[in-house]
Structure formats: C-alpha cells, structure tokens
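> Fold the following.
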Amino acid sequence: MPNRLKQMWNRGETVISGWLSIPSGYAAEIMAKAGYDALTVDMQHGLQDYQSLVACLQSIPRDGPVPMVRVPWNEPGIIGKVLDAGAMGIICPMINTVQEVRALVSGVRYPPLGARSHGPIRAGTYGEAGTYYLTANTDVICMPMIETEQAISNLDAILDVPGIDAVYVGPGDLGMSIGLPPKVDREEPQIIKFYETILAACSRRGMHAGIHNSAPSYAVRMMQMGFRFVVVSSDSGILLRAAKSDVQNVQTARAQFQGGGK
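Below you'll find the predicted structure:
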C-alpha cells in the first residue's frame, strides 16, 4: 500500500515519529494512540527481538502510524525478515561508505534494484493479495544512518547511490566519532555544521533527512532547521519521565505534610 510518509514528504510536511524500545505489543498499542505519523521499533539499542517486533507491528493499526524499524545492523537476513513482517521502512545504523550503502539498498529492494528474497509472510497481506512485490520497491523507505565523521566525508557519494529515500542522523555516535561525549540534542558548533552539510546535500538531491531527539523543543528546532523526520520521544523515556514526575510530586507533598507535624 502507498507509504503515507512518502506522501507527507511530497507535500513538504515533516514526519513526527515515536520510538519503541520496550519489547511489548501493548506498549506499541498505547503509543499508536498518541497521534504520531510513524512509530519506529528499535532493534539496535532497544530491547526488541524479532518476536517482540512482530507483536509491536501487529499492535499498530493499519490506518495508524506508519511502522518503521531500526535494524541492529546492515545484514540482509534481518532486513528481509523485518520487511517481511510488515515494516514500511528501514533505518540502518553505521553506514559509512558507498559499499555499505549499496549493500543496504540491495537488502531492502527486490530485483532488479536489489537482491531481497521474496516471501512477505505478513507484509504480503497489505493491499491486494499477491501484489506486494509490485510496489514494495516504491513504497518501502530506505534510510541509512549518517553518524560518523567518515560518513560525512563520504556523504555525496553515499547519497548518489540509487535506492535511498532519506538519511537519519545519530547524534550520539556522530559526536563520539570526533571525540565528544555521546548525547542527543547537541549544541556544539561542529555538530551543527555537520547537520547543515547533511541538509544541504539532501536538498540538492530532493531527499530528506531525519534526526534523533529527546526533547520536543529540540525536535521543533530541528524541524525548523530543515529535518523532515523527527523522533520526539521513546516509550521508555516517556515512562521514566512520567514516573519520576509523579513520585517527585508526592515526595514533595509528603515532606510538607511530615514537616507540618501531621
């Protein structure tokens, strides 16, 4: 079926994605009700395995957020299984060279554009029976991660490889690659310069760039800067922040209550 994220990009809109780190279909079901345009299952640094991935995808309504997956690595076996399970887009970490991005495209695309094996056990139930393979190369999003200084130095060559729809910036590893501590929502001038370089290179090719964020305010800033796929929050982060807030509110009240001698 047509990928709604691509349709949004064609209209010049920014995709807002949630992040699924918790291996729970129920958590995904709750996140799917929040209004995100996409939900990304994190198989790299989240606690997701293949079975929890499938449960998460099954918990996202067909008319709800578009299911994306960050795979653990650039390996055609897991990429194919994730797509067969129903992912409508792949985010792949640590793409640093032309050879690596060509391998990624090969794993994501059916022949003649790639070497993906046919067997869409769950994805094939989308749309009309037996037609998934006819449109998958057009509908599935391929997003290599640009997250090292080496990738920046090879950026133009990487982006010129056919079959890429967008790139995704990993701020933590990008900072580490130049000797900075790993974190998101970065402010270092050299990192902002990297962002500008990525955005300009994508713009010249009519492509889009995404970025990982932790604070909604920073995601808004990145959207204004030109990123068209912004991750706003993760299920685990939301849970921790909300739990801390609730506990701190009651602890404050408890201290006031006990201090009053009651």
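
> quick check: mean pLDDT across the helix or strand containing Ile91?
Ile91 belongs to strand 89-92 when assigned by DSSP states H and E. The pLDDT scores in strand 89-92 average 98.

> Sort out which residues of whichever helix or strand comes after that strand are buried, please.
Once strand 89-92 ends, the next helix or strand along the chain (criterion: DSSP H and E) is helix 98-108. For helix 98-108, a neighbour-count test (16 or more other C-beta atoms under 10 Å) marks Glu100, Val101, Arg102, Ala103, Leu104, Val105, Ser106, Gly107, Val108 as buried. Every C-beta, even on glycine, is put in place using the N, C-alpha and C of the backbone.

> and what of stretch 150-163?
Residues of stretch 150-163 classed as buried by neighbour count (16+ other C-beta under 10 Å): Ala151, Ile152, Asn154, Leu155, Ile158, Leu159, Val161, Gly163.

> Could you tell me the end-to-end distance of that stretch?
Start-to-end span of stretch 150-163 (C-alpha to C-alpha, to the nearest Å) is 21 Å.

> what's the answer for stretch 72-86, then?
17 Å.

> who touches stretch 87-94?
Residues from elsewhere that reach stretch 87-94 (C-beta atoms under 8 Å, 6 or more residues apart in numbering): 3, 5, 38, 40-41, 44, 57, 66-74, 79, 82-83, 100, 104, 108, 123, 139-145, 147-148, 165, 168, 170, 173, 210.

> Do me a favour and get the end-to-end distance for it?
Chord length of stretch 87-94, first to last residue, is 20 Å (C-alpha to C-alpha).

> what about the helices in the stretch 101-250 of the chain?
Applying DSSP state H, counting those that start in this stretch to the stretch 101-250 of the chain gives helices spanning 132-139, 149-153, 155-159, 171-176, 189-204, 216-225, 235-259.
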